[in-house]
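Visitor: Below is the sequence, then the predicted model.
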Amino acid sequence: MIHASIAIRTVCVAVLFVLPAAAQEKSVPNDHAQSCYEKGLALLQEGKAKEAKLMFDEASMDGHGDATNELGKLYLTGNGVNQDAAKAAELFGQSAAFGSVRGATNLGISYKEGRGVAQDYKKAAEFLGRGADAGIAVAQYQVAEMYFKGLGAETDYAKAFELYTKAANQGIPQAQYIVGTYHLDGSAGTQEDPKLAVEWFVKAAQSRDPQILADIGRLLQDEDRPIYDAQGAVELLSVAAQAGNRDAQYYLGTLVYEGRGTKKDLATAVKLYDAAAAQGQAFACNALSVLYLNGEGVEKNPQRAYVFAEMAVDGGGSFDGTSFAKLTRIQAEKLMTPEQLAEAKAAVERNRAAQKAAPK
């Protein structure tokens, strides 16, 4: 059994991990353009986006690719300008044409996500490939994901692993987590190596990214894993749950409910499940449906059991308990009067409408 707790818990209190700046391709700009570009970067550091834009504009007119890329980023985020994804994609295209691999990378991401342009995985692979070949870490990560999912290219797990590893070695936390899972499971031709997996998880956790912490916590709380550590899972999941991550709230709620790695506390478990369910976490909805059906930790309420069972079914995604949730719903129906059932169904429809209207 690999004890990950000390290493994992150490990163819970570490400072935020700062990604190193990727190397930029030099498009041999003239001295004036380069000077404007550098002034623009300095102004951005000072929070003066509008003034920075003027510098980037001037450098861009002289064909400075990286300055043009910075302009695209301003429009993408709405920093100092009106947010305009289409304008951003246009500028990323100009940047790539000027020879900037950063611009090519951002244009590739735009095509991959359909951000300001029509989604086109083949074009995404082309432009992201330029960035990946030039050693841009985020491009390597994006291309790895495309190989993994078969987007714009044939699925190739070995190639995905190779590129994930390159991105991980450059400090991309998501890539570090994924490389850790490869070594944990012994996939893509790697040897199963829990110790090495934990080393990668520690690196990834230094980012303090809530989803990464939640994902690592999920693995640590799995009793069938060689890295099982309930206490370490509680500590990581607590950080992510406090940040509002719904998966962390669910998994932490389960540990609290079961009393693993922490004191058993039904009231706290219900609060955590409620917080996760409010964000549409299907597993949390399913857990609440059972608790309300049986009156465990809460007052027995078949109407609420019905509503949460329906929310679990609607959650879909990775939720694999749909049949169980449907069974809970049927059991709840039998405990209600026709009027109560009608009220429960109305509540389900209100919830669905709210979820549909909620910003993505």
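Guide: Okay, I see it. Numbers count the residues shown, from 1 in each chain.
Visitor: how about stretch 279-288: buried residues?
Guide: By 16 or more other Cβ atoms under 10 Å, the buried positions in stretch 279-288 come out as 280, 281, 282, 283, 284, 285, 286, 287, 288. Any C-beta I mention is one placed from the backbone N, CA and C, and that applies to glycine too.
Visitor: and if you look at stretch 71-82?
Guide: Those would be 71, 72, 73, 74, 75, 76, 80, 81, for stretch 71-82 by 16+ other Cβ under 10 Å.
Visitor: Need the phi and psi values for residue 249.
Guide: Phi and psi for residue 249, reported as degrees, to the nearest 10, are phi -60, psi -40.
Visitor: roughly how far apart are the closest residue to it other than its chain neighbours and residue 247?
Guide: With sequence-adjacent residues excluded and distances taken as Cβ to Cβ, 6 or more residues apart in numbering, residue 249 is closest to residue 276, at 3.9 Å. Taking Cβ to Cβ, to the nearest Å as the measure, residue 276 falls 7 Å from residue 247.
Visitor: okay, those two: which has more neighbours?
Guide: residue 276 (27 against 23; other Cβ atoms under 10 Å).
Visitor: list the contacts for the more buried one?
Guide: With contact set as Cβ atoms under 8 Å, 6 or more residues apart in numbering, residue 276 has these partners: 246, 247, 249, 250, 253, 283, 284.
Visitor: Residue 311 now?
Guide: So residue 311 contacts 277, 280, 282, 285, 289, 348, 351 (Cβ under 8 Å, 6+ apart).
Visitor: at 10 Å instead, please
Guide: Each residue near residue 311 by Cβ atoms under 10 Å, 6 or more residues apart in numbering is listed here: 277-278, 280-282, 284-286, 288-289, 325, 347-348, 351-352, 355.
Visitor: next one: residue 262
Guide: Shown in contact with residue 262 (Cβ under 10 Å, 6+ apart): 230, 231, 233, 234, 235, 237, 238, 252, 255, 256, 268.
Visitor: Now do it against residue 211, distance only.
Guide: 21 Å.
Visitor: I'd like the contacts of residue 276 laid out as CSV, including pLDDT, distance to residue 147 and secondary structure.
Guide: Output for those, formatted as CSV (pLDDT from 0 to 100; distance: Cβ to Cβ, whole Å; DSSP: H, G, I helix; E, B strand; the rest coil):
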residue, pLDDT, distance to residue 147, secondary structure
246, 97, 29, helix
247, 97, 25, helix
249, 98, 32, helix
250, 98, 30, helix
253, 98, 35, helix
283, 94, 29, helix
284, 96, 33, helix
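Visitor: would CSV of those residues with distance to residue 97 be doable?
Guide: Converted to CSV, these look like this (distance: Cβ to Cβ, whole Å):
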residue, distance to residue 97
246, 41
247, 41
249, 46
250, 46
253, 51
283, 47
284, 48
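Visitor: Which of those residues sits closest to residue 226?
Guide: Lowest distance from residue 226 to these (Cβ to Cβ) belongs to residue 247, with 21.8 Å.
Visitor: so that closest one sits right up against residue 218, yeah?
Guide: Yes: judged on Cβ atoms under 10 Å, residue 247 makes contact with residue 218 at a distance of 6.9 Å.
Visitor: so what sits against both of the two?
Guide: What both residue 247 and residue 218 touch, as defined by Cβ under 10 Å, 6+ apart, is the set 237, 240.
Visitor: Can you tell me the element residue 310 falls in?
Guide: Taking DSSP states H and E as the criterion, residue 310 maps to helix 302-315.
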